[in-house]
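Undergrad: 3D model of this:
(2 chains)
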Amino acid sequence: MKRLGALALAAMTASAQVTFDRLLNAAKEPGQWMTYSGAYNGWRHSPLDQIRRENVSSLQVKWVYQMPTTHLVETTPLVVDGIMYFTEPPSNVVAVDAETGRQFWRYRRELPSKINVCCGQVNRGVAVLGDRVFVGTVDAHLVALDRRTGDVLWDVEVANYRHGYSVTVAPLIVKDMVISGIAGGEYGIRGFLDAYDAATGKRRWRFWTIPGPGEKGNETWSGESWKTGGGSTWVTGSYDPSQNAIVWGVGNPSPDWNGDSRLGDNLYSDSAIALDADTGKLKWHFQFVPHDVHDWDAVQVPVLVDDEFQGRRRKLVYWAHRNGFYYVLDRETGKFLAGKAFATQTWAKGLDPNGRPIRLPNIDPSPEGTYIFPGVQGATNWYSPSYSPVTKLFYLSTWENRSVYRKGEQEYTPGNRYIGSVPLIDLPDDPGWGAIRALNPKTGDRVWEYKLHTKPWSGVLSTAGNLVFGGSDEGHIFALDAATGKEMWRRNVGGIIRSNAISYMSKGKQVVAMAAGSSIFTFELAGR
Amino acid sequence: MRLLAPLAFAALLQAQEAKNPATSTADVAAGAKTFRSHCSECHGFEAQGGRGPNLASGVFYHGSSDAELLRNISDGIAGTEMPGLFYSPDRVWQVVSYLRSLNARAAPAGDPAKGAAIYGAKGCAKCHRIDGSGGRLGPDLSQIGRARSAEHIRQAIATPNADVRQRYWFVSATGPEGKPVSGFLMNEDTYTVQFMDLGEQLHSMNKSDLRGYQVEMKSRMPPFPMPAADLDNLTAYLVSLRPKGGSK
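TA: Numbering: from 1, shown residues only, chains lettered A, B, ... in the order given. You can find the predicted model right below:
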């Protein structure tokens, strides 16, 4: 018995180490959820098929974990070898038994009293490598915790929070590095994407999303505006091992709604960027909105797919952007291949052959206010899309909504808002509505739509059980038929949902987990 | 440590007595500019309130002295969504001056006692409640003077349709048996609707069960034409309705 126990323990310890190799081969371990999007390709797809269209009606609550927090919960949990890791806002981390929801440990981040984060002191999740769990904090630190105890192993300052920098993004592990973005596009930061040594916390490289003098792209910023140009990186990107490329989205230029001080295209704001993972050097970029004045960040998860496109096999990126257009890009060059509006938009006539928007007149913010679709929060936003290799469809949450874009003056002062406006995000008598949509990813054509009375802030998860899981601000979690969009199951969990679902296996049963309100809800089929 | 405590106390005393050094017209204008850039997203373009409280009424629940306003704007308010600013005190003093200029405007011209009589004569209490008496169909007005500016209240009486909150949109539904039912929207999601009918009864219905369903974004409050002086008096009465106790 003694010997057996030792053996079992050894086996568990060995499998409990998350290695880069395991992350590369995440598809071979469908029972785990080891990175933000489930795998490096950014699909947010679970190959598990125990929960299917045919039996999903018997889905029931497995356990609930309630967080003692008043902040918005945007976390995506990770599940590795039976342990679930998630963040509790502002910047705490919790580890629980994925089978029971009972807590192993909780890391509580002490924070300074004065922190300015544009849109709530939120966090979207952790990364795991080896014996470590990594979390970014709203006071702009990156922290490594012991996977078994939550003890701090290292804690490094990413940037100065007093100047409007914060970390809300879930980090991404690539090789032996922790890749972390930055938030603060409403505070005139100069954005970057960083790589840190997972063992020591030492920074390996930094890519400035706003090029400095002498660097290519700096000429797209008038005067000194590059110094406060924004270009945050607050949503986790993807990794393409075949090219050793990190593909990541860059946020809005600062100030958001008044571009007079930053004439030019403002690279690499509102762009997809591909960086060499070892050096952080730029391989290619594609800018969705040159000289943005509507706050349409490119903070969507890049969906990386290899497939036939226009007669030949290509490496592709699928991207539904906040500006209302869906794009197909060539992943080797960043070249634009196709694009089409996926929601109502009133700002562009279309896209030119290079994918550059053909702007309509009178669309810029004005002192008296300009009405434009999509609204300030976009036709989609940071919440994850999903790609299913089963249906070969692209799924996303969308908004049909407009805003009044007002232009105002703005001067830069460190740590304070630098937005150039006072936008009216929601029109009281025209609140808009939302939908879950399925697109043909090669054309952007709509295949189906599931309408919602309100605008969803929740991502979508597709599964091999031919289901798409999503949620609403009304507090419903639902499962739709991935082929038709028909509602197959729904539960009112009574809290707004601002997160992304995941799926994992526990004791032989498939589990779907999603944060709602200030809780993590898990579901499994009834019976054993 | 022993030395520090009396020192901190002295600093606190000094802060409490602090006098706003930035009260010129130019300071008020500069304060307005800062307010619009940094505060209006939550507190409204004219400080009339929104996601954050109305700051134009002169009622502040976390302290209403100049020094307390300076502190709350500079440091934020713990336990609320109110963040701090990274500005020097002179700049924050200007914001305080701007708010004070709005507070000065907040006092309406009319006579509250005369206004109370008009409130009774016009039958406002059929739909509105004050301190527990009156109808339930319209907004409870017990603390309206804290929640809305005088200007806003005046406009709401003269033109009820100018600003209709979603809670008072009007639902007209046809039930599964063809029976019509209507009332004021209380809540709505993708699948269900909750509302209060004109008899003050509550309804919760599955939208998929309804034969007809429509929501009108208009106010059901009729316009009440009255002389300007009466409108002033009624406004003054409503502005006087504020929470008992607490800081004025």
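Undergrad: all helices of chain B, in order?
TA: Ranges of helices in chain B, per DSSP state H, are B:4-16, B:25-38, B:40-43, B:66-75, B:89-106, B:112-121, B:144-147, B:150-158, B:228-239.
Undergrad: from residue A:163, how far off is the residue nearest to residue B:83 when sequence neighbours are not counted?
TA: Sequence neighbours aside, residue B:76 is the residue nearest to residue B:83 in space, at 4.7 Å (criterion: C-beta to C-beta, 6 or more residues apart in numbering or on different chains). All C-beta atoms are positioned from the backbone trio N, CA, C, and that covers glycine. Distance of residue B:76 to residue A:163, given as C-beta to C-beta, to the nearest Å: 17 Å.
Undergrad: need the residues of chain A near chain B, please.
TA: A:113-116, A:162, A:408-410, A:413-417, A:419, A:422-423, A:428-429, A:431, A:451-454, A:472, A:474-476, A:490 (C-beta under 8 Å from any C-beta of the partner chain).
Undergrad: need the nearest residue in space to residue A:234, chain neighbours excluded.
TA: Leaving aside its sequence neighbours, residue A:234 sits nearest to residue A:183 (C-beta to C-beta, 6+ apart; 4.1 Å).
Undergrad: and for residue B:86?
TA: residue A:415 (3.2 Å).
Undergrad: surely the residue nearest to residue A:234 meets residue A:165?
TA: Yes: the pair residue A:183 / residue A:165 is scored as a contact, 7.4 Å apart, by C-beta atoms under 8 Å.
Undergrad: out of those two, which sits in the more crowded spot?
TA: A count of neighbours by other C-beta atoms under 10 Å in any protein chain shown puts residue A:183 above the other of residue A:183 and residue A:165, at 28 against 25.
Undergrad: bridging residues for the more buried one?
TA: residue A:166 (DSSP bridges).
Undergrad: how about low-confidence regions in the chain?
TA: All of this is about chain A. Residue ranges of chain A with pLDDT under 70: A:1-16, A:528.
Undergrad: wrong chain, I was asking about chain B
TA: Applying pLDDT under 70 to chain B flags residues B:1-17, B:105-107, B:245-248.
Undergrad: which residues are in contact with the closest residue to chain A within it?
TA: In chain B, the residue that lies nearest chain A is residue B:86 (3.2 Å; C-beta to the nearest C-beta). The contact partners of residue B:86, by C-beta atoms under 8 Å, 6 or more residues apart in numbering or on different chains, come to A:114, A:116, A:162, A:413, A:414, A:415, A:416.
Undergrad: please tell me how far the first one sits from residue A:292.
TA: This points to residue A:114. Applying C-beta to C-beta to residue A:114 and residue A:292 gives a distance of 29 Å.
Undergrad: quick one: which of those two has more around it?
TA: Just comparing residue A:114 and residue A:292: by other C-beta under 10 Å the higher neighbour count belongs to residue A:292, 26 against 16.
Undergrad: excluding chain neighbours, what is closest to that one?
TA: Leaving aside its sequence neighbours, residue A:292 sits nearest to residue A:270 (C-beta to C-beta, 6+ apart; 4.8 Å).
Undergrad: how about the residues of chain B by chain A?
TA: With C-beta under 8 Å from any C-beta as the criterion, chain B comes near chain A at residues B:33, B:36-38, B:40-41, B:45, B:75-76, B:78, B:83-87, B:163-166, B:188-191, B:217.
Undergrad: in chain A, what residue comes closest to chain B?
TA: residue A:415 (3.2 Å).
Undergrad: how many other residues sit next to residue 91?
TA: If you meant another chain, say so; for now it's chain A. Residue A:91 has 26 neighbours, counted by other C-beta under 10 Å.
Undergrad: chain B was what I was after
TA: When neighbours are counted by other C-beta under 10 Å, residue B:91 comes out with 19.
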